[in-house]
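A.B. asks: Return atomic coordinates for the entry below.
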Amino acid sequence: MPGKSAAAKPKPISTPLTAVLDGFPAGVPIAKKYIDAELARRQQGYGRGGRQKIEKDEVRILSGVRHGLSLGSPIALFVENKDFKNWTEKMSPEPVKSKIEPITKLRPGHADYAGVVKYGFTDLRNVLERSSARMTAAQVAVGAVCKQFLNIFKINIAGRVLRVGGVVASRTSMTAAGGEALELPIRQKIDAARADGDSLGGVVELNIS
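C.D. replies: Next up, the predicted model:
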């Protein structure tokens, strides 16, 4: 990558999230509070970044639902980012007069490198949001709508943690609803990785019945 980063660690870039779900059938009960509950669950994981304390995710259903029932037309979901106000100039769709220093320091484990190579960018800001964990909020919102459809057929979806950083989770941690319930060895492993500026891999299990 040409040039040097202006900062040692690139800050996250936050744009409001919008997701459109097409092909969804009409007449399905859709509850906003169900989607918000799923978004809240997403923020419970132990070791999550500081953004989790900034954002209090709440969905706005912009189209495709009327009086609690889907219409068969595309469902548009909007999740606001409170941190976006700090990035309005840097991410403005219109040209700006001020000089915006490019970010050139790649994050391992993200799609930063793939993005700049595929599109020929020299500023990682053009890729950071697309490869940010923040985008999963929109994915969770869409998934919450789909789960309400599956609930009609009594189809249940559940996941659990099996291993983090080589540490096998106990049965209690496997079924824990929140990350704070993970046992001490796993939390210590996460804390150590964070202190080193690193991240951990893991194994999760998804069950659909």
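
A.B. asks: State the pLDDT value of the residue sitting nearest the centre point of the chain.
C.D. replies: Nearest to the mean C-alpha position of the chain, by CA atoms, centre = their mean, lies Thr136 at 2.4 Å. For Thr136, the pLDDT comes out at 87.

A.B. asks: just checking, next helix/strand downstream of the least confident helix or strand in the chain by mean pLDDT?
C.D. replies: Within the chain, judged by mean pLDDT, DSSP states H and E, the helix or strand with the poorest mean is helix 51-54; its value is a mean of 58. Counting by DSSP states H and E, the next helix or strand C-terminal to helix 51-54 is strand 59-63.

A.B. asks: Give the partner strands of whatever helix or strand comes next after that next one in its sheet and their orientations.
C.D. replies: Note on strand 59-63: by DSSP H and E, the next helix or strand toward the C-terminus is strand 65-66. Here strand 65-66 has these sheet partners by DSSP bridges: strand 69-70 (antiparallel).

A.B. asks: which residues touch the helix or strand just after the strand it pairs with?
C.D. replies: Downstream of strand 69-70, the first helix or strand assigned by DSSP H and E is strand 75-79. For strand 75-79, contacts defined as CB atoms under 8 Å, 6 or more residues apart in numbering pick out 16-22, 24, 30, 35, 39, 57-65, 137-138, 141-142, 145. Just so you know, the C-beta spots here come from the backbone N, C-alpha and C atoms, and that holds for glycine as well.

A.B. asks: Just the buried ones from the residues you listed?
C.D. replies: When those are checked for burial by 16 or more other CB atoms under 10 Å, the buried set is 17, 19, 21, 24, 30, 35, 39, 57, 59, 61, 64-65, 137-138, 141-142, 145.

A.B. asks: Report the separation between Leu128 and Asn156.
C.D. replies: In this view, Leu128 and Asn156 are 35 Å apart by CB to CB, to the nearest Å.

A.B. asks: okay, the two: which has more neighbours?
C.D. replies: More neighbours surround Leu128 than the other of Leu128 and Asn156, with 22 against 11 (other CB atoms under 10 Å).

A.B. asks: Tell me where this protein is predicted with low confidence.
C.D. replies: Along the chain, the model assigns pLDDT under 70 to residues 1-15, 47-55, 83-85, 172-181.
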